[in-house]
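J.: predicted model and sequence below, questions to follow.
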Amino acid sequence: MNDTAQKMREISEKLDKDADDLMFIKDSLEKSSQLTHNMVTILTSFENRLRQLEETILPVHKETVTLQKLQENIENTQAALDHVLNYHDAVRDLDAVIRDGPSGGKLEQYISHMGQIQDALEFFSENNPSSPELSKATQLFKTGKELLQNEFRNLFTRHCNPVPAIKILDMLGTDDELPDSASVTSLNQLPEQALEELSEISKWLIGPGKTHDFMDVYYQIRAQTLKKSMEGLKDHLSKKSSGSAAGSYSPLIVSTNTTLLTPASSISHPSPILNKTLMKGIGGLKDHLNRSTGSHSPLTSGRLHKSKDAPNKRTSTLLRPMARKGAANKLDPERRPSSQGVESQGHVDPAIESYLYCISGLLKLMQCEAQLMSHIIPEEHQRKTFDKIIEKPLEMVSQDGEAIATTAKRAVIKHDYTAILSIFPVLKHLINVKPEFEETLSGTAPGTRGKLPTLIASLETTGAKALDEFYDVVKNDPEKSNLPKDGTVHELTSNTLIFLENLLDYVETTSAMLMAQKDPAFAISNKGNDMENKKKRVANYVAKILGAVGLNLDQKSKSYSDQYLGVIFLLNNLNYILKSLQRSGLLSLVVHSKPDIERDYEEKIRIQKTEYSRSWSRVLQHVIDGSKPMAVNLDPSKMKDKERQQIKDRFKGFNQDFEDLFKTHKGYAVPDPQVREDLRRESKQMILQQYTMFRDRYVVTSFTKNPEKYIKYTPEQVSSQIDHFFDISA
C-alpha cells in the first residue's frame, strides 16, 4: 500500500509540473503571435510607403534619362562638327605653312602638318568627294610633297661632295686597324643630322607620299658623286705618279727577291727576234716594271759590269686590301702612298699601280655607298638603286682593265712579253678582291656582277697566251750569229730567268693562267692541298721553260768555231741558271715538278768543267808521253842530236801552245768567281805537276846552249799565267 501511495504521489507531482510547463508554453505562443502580428503590420506599412514613393519618383527618372541622352547626342554632334571643322581649318590654316616648305629646321613639324593635310584629304575623299575643300587639300598635299622632294634634293646635293683622293687613300690605309663595319662607315659622307633628316623625308615619301621619285634623285646625285670621286682619285694618282715622294700606304706589298742579273754590257746581245720577244732586253724590263736588282759581289770581280741601262734591284709587288698598321699610315696630301716596313721599296708601272688603287678605292666607296643607302632607301629598293649608282664608275674601272688587257694582247702579238708582267699584279689583285666584290654586288643585275669575272677571264686568257708563246720563243729562237764572243751569259738566259723569277710572287695568278691553256701538262689532280697543286702547276711550267732554254743553249754552244769557247758558254749559262734558281727561291718552287733539278744542273756543270779540262791536251802532250815521261838518254856526252832536238821541240811546243792557250782563254768570260777559281785550280792540278816533272828532268841536261830560249817558264810562272786566265786585262 505504501508503495502504491508513494507512486501516486510521484505521478501527481509530475502532472503538476507538466501542467506548469504547458501553461508556460501557452503564454510564449501568445507573445509570439503578438510579435508576429506587430511585424506584419510594420512591413505592410513599409510596403505601402514604398509603393507611394515609386509612383512619385519613376516619372522623374524617366525624364532625367531622356535629358541625358539628349545631352550626349548634343556633345557627339559638337565633337563631330569640331572634327569636320578641323579638316576645314587645317586646309585653311596650314596653307601658308605648307607652302613655305620644311626649311629652317622645321622638318619634323612640317611632316606632322603634312599628316594633318593627308587626314583632311582622306576625309573629304571619303565623305564629300564633290567638296571644294577636297580640291584644295589635294593641291596643298601635292605642293607639300613636291617641297619635301625639293628639300630632299637640296639637302642631299648640299652634303654630297666627291670624296677627296687623300681621304680615299687614308681609308684604304687604315682598313686593318678597324673592324669591318667601322672601316666601311669611317668615311662619314653625310653629317649625322642631315642623314637623319634625309631618312625621315624618305620614310614619308615612300609611305604617305606614295612616291619613288626621290630614289631617282638619290641615285643620280650619288652616281655623279661616286664618278667624280673616282675621277679625282685617278687624277691625283696620275699627277703624283711622275716622281713624287713615297707616302705611307700602298696596297702593294713589295717582296724582295734578288737575282743574279747579267747586265747588258756583259751578256751577249740576242738576235733581232729576241730583241722583240724576250722582254726587249733589260731596259725593256725596267720600262715595264721599274724593277731593280741588287748588285752581287760575285759578279764584280768577273767580266760582268753594271750597265747604266741595267736595273739596280729586282722588285715584285702584290696588292692587298689591308694597309700597314700604325699612325704613319696617315697620308700627307702631297705624298704618294707606298709600302713601308719592307727591306726595299719599289713599284710597278705607275699606270698599273694607279689602276690597282682605283680598284681598291672603288670597292671601298661601293661598300660605303651600300652602308649610306641602308639609312635612306627602303630595303626592297636598295639593290636596284645601288646598281644604278655604281654602273658608270664600275664600267670606267672595267674599261681601264680591258684597256690593260688589250695593250697586253697587242704587245703579245708583237712578241713583246714584258707587257704580260704588268698583268700579274692586276690579275692577282682582282682575284684577291673578287670575294669582296661579289659580296658587295650581291643582288645587282647579272651584267653588273659579271664585269669583274669577265675582266679576270680576259686577263687570264691574255696571260695564258703570252706564257705559251713565251715558251715557243725560248725554245725556237734560231738566231746564232749574235753569240757572245767571250762565252758569257746569253741574254736569252738572263731575261728568261728574270721573267721566271717574277712568277714567284704570282704563283696563284700564274696557275690560273696556265689552267686557261688547257694543256694536259698543267692539268694537276684536284686531290690534296689546293695551294700545292697550284705550285706544282707553275713548277711544271718553269721546268718546261728551263728545259727549252737548255736545249736552245746547247744548240747555240755548238755554233762556236772554238769548241772550248762553246763549253765555257754552256758552263756560264748553266751556272747562271743554277745560281739564279738558288738565289731567287725558284729552286724551292721547281722541285715540286723536278725534285732532282739542282743535282741535275750540278752534274751538267761538272761535265762542262771536265770538257773544258780537255783544252789542255795540246799542252800536256808536250810534257808527257801517254802516262809516262818521254824516254831519252840524259847523259850529255851520250845524248844524240836527234834527242836534243826532240827535247827542244817539246819545250818549244809547250811554250807555243801554252802561250796560244793563254791568249785565247784570257779572253773567255767566266763571271762567277767560284767557277773561275775552280777552273784555274783544276788547270793547275793538271799541268803543274806534269810540267814540273818534265822541266826538272831536262833542266840539268845540256840539250841546248841557250836554255832560256826553250825553258821560258818556271812552274811558278805557269801558275801565275793561269791565274790570269779569263781576264782580258792581263
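T.: Arrived safely, thanks for sending.
J.: who are the contact partners of L148?
T.: Listed by CB atoms under 8 Å, 6 or more residues apart in numbering, the contact set of L148 reads 102, 110-111, 114, 201, 204-205, 209. Glycine gets a C-beta too; all of them are placed from N, C-alpha and C.
J.: quick one: which of these sit in helices?
T.: 110-111, 114, 201, 204-205 (DSSP state H).
J.: before we move on, back to that, so which of the contacts of L148 comes closest to P673?
T.: Of all the contacts of L148, I201 has the smallest distance to P673: 78.2 Å, by CB to CB.
J.: so what's the closest one up against?
T.: With contact taken as CB under 8 Å, 6+ apart, I201 is in contact with 107, 111, 148, 151-152, 155, 214.
J.: confidence score at it?
T.: pLDDT for I201: 91.
J.: and what of Y87?
T.: At Y87, pLDDT is 73.
J.: sticking with the closest residue to it other than its chain neighbours, tell me its helix or strand.
T.: Spatial nearest neighbour of Y87, chain neighbours left out: A120 (3.9 Å); criterion: CB to CB, 6 or more residues apart in numbering. Counting by DSSP states H and E, the element that carries A120 is helix 107-127.
J.: which other helices and strands contact that helix?
T.: In this structure, helix 107-127 makes packing contacts with helix 2-93, helix 95-100, helix 132-159, helix 192-206, judged by 3 or more CB pairs under 8 Å, 6 or more residues apart in numbering; DSSP states H and E.
J.: for the longest one, packing partners?
T.: Taking 3+ CB pairs under 8 Å, 6+ apart as contact, the helices and strands that helix 2-93 lies on are helix 107-127, helix 132-159.
J.: which of those helices has the lowest mean pLDDT?
T.: helix 107-127 (a mean of 84).
J.: what's next to that helix, contact-wise?
T.: Under CB under 8 Å, 6+ apart, the answer for helix 107-127 is 84, 86-88, 90-91, 94, 97-98, 101-102, 131, 133-134, 137-138, 140-141, 144-145, 148, 151, 197, 200-201, 204, 208.
J.: give the buried subset of those as a ChimeraX selection command.
T.: Selection of buried members from the contacts of helix 107-127 for ChimeraX, criterion 16 or more other CB atoms under 10 Å:
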select :84,87,88,90,91,94,97,98,101,102,133,134,137,138,140,141,144,145,148,151,197,200,201,204,208
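J.: now the element after the lowest-mean-pLDDT helix or strand in the chain, going C-ward?
T.: Least confident helix or strand, the chain: strand 315-319 with a mean of 26, by mean pLDDT, DSSP states H and E. The first helix or strand that comes after strand 315-319 along the chain, using DSSP H and E, is helix 350-373.
J.: and the average pLDDT for that following helix is what?
T.: Mean predicted confidence for helix 350-373 is 91.
J.: buried sites along the next helix or strand after that helix?
T.: Per DSSP H and E, the first helix or strand lying C-terminal to helix 350-373 is helix 379-413. For helix 379-413, the neighbour count (16+ other CB under 10 Å) marks 381-383, 385-391, 393-394, 396-398, 400-401, 404-405, 408-409, 411-412 as buried.
J.: returning to what we had before: format the helices and strands packed on helix 107-127 as JSON lines; extra columns: distance to N540.
T.: Rendered in JSON lines, the data for those read as follows (distance: least, CB to CB, whole Å):
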{"stretch": "helix 2-93", "distance to N540": "82"}
{"stretch": "helix 95-100", "distance to N540": "76"}
{"stretch": "helix 132-159", "distance to N540": "56"}
{"stretch": "helix 192-206", "distance to N540": "55"}
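J.: out of those, which is closest to V623?
T.: helix 132-159 (96.2 Å).
J.: what angle separates that closest one from helix 192-206?
T.: Angle between the axes of helix 132-159 and helix 192-206 is 140 degrees (criterion: axes from the mean of the first three to the mean of the last three CA atoms, to 10 degrees).
J.: off-centre distance for helix 132-159?
T.: 46 Å (CA atoms, centre = their mean, to the nearest Å).
J.: what angle do that helix and helix 107-127 make?
T.: 150 degrees.
J.: check which helices and strands the helix or strand just after helix 132-159 is in contact with.
T.: Towards the C-terminus, the helix or strand next in line after helix 132-159, according to DSSP H and E, is helix 165-173. When contacts are defined as 3+ CB pairs under 8 Å, 6+ apart, helix 165-173 packs onto helix 213-240, helix 350-373.
J.: next one: helix 165-173 to chain centre, how far?
T.: Taking mean C-alpha positions (CA atoms, centre = their mean), helix 165-173 and its chain are 16 Å apart.
J.: low-confidence ranges, the stretch 151-300 of the chain, go.
T.: Scanning the stretch 151-300 of the chain with the threshold set as pLDDT under 70 gives 174-188, 241-300.
J.: tell me which of the helices and strands packed on helix 107-127 sits nearest to I431.
T.: Using CB to CB, the helices and strands packed on helix 107-127 put helix 192-206 closest to I431, at 35.3 Å.
J.: can you point out the buried residues in the closest one?
T.: Neighbour-count burial for helix 192-206 [16+ other CB under 10 Å]: 195, 197-198, 200-202, 204-206.
J.: tell me where the stretch 551-700 of the chain has helices.
T.: 563-584, 586-590, 597-613, 617-623, 641-665, 673-698 (DSSP state H, counting those that start in this stretch).
J.: give me the helices and strands touching the third one, please.
T.: Other elements packing on helix 597-613 under the criterion 3+ CB pairs under 8 Å, 6+ apart are helix 563-584, helix 586-590, helix 673-698.
J.: can you tell me which of the ones you listed is most buried?
T.: helix 563-584 (a mean of 23; mean count of other CB atoms under 10 Å).
J.: does anything pack onto that one? Which helices or strands?
T.: On the basis of 3+ CB pairs under 8 Å, 6+ apart, helix 563-584 makes packing contacts with helix 491-502, helix 530-557, helix 586-590, helix 597-613, helix 673-698.
J.: pretty sure S442 sits in a strand.
T.: No - under the criterion used here (DSSP: H, G, I helix; E, B strand; the rest coil), S442 is coil, not part of a strand.
J.: ok, it - contacts?
T.: Residues in contact with S442 (CB under 8 Å, 6+ apart) are 383, 449.
J.: can you give me the pLDDT of it?
T.: According to the model, S442 scores 91 on pLDDT.
J.: same question, N572
T.: 96.
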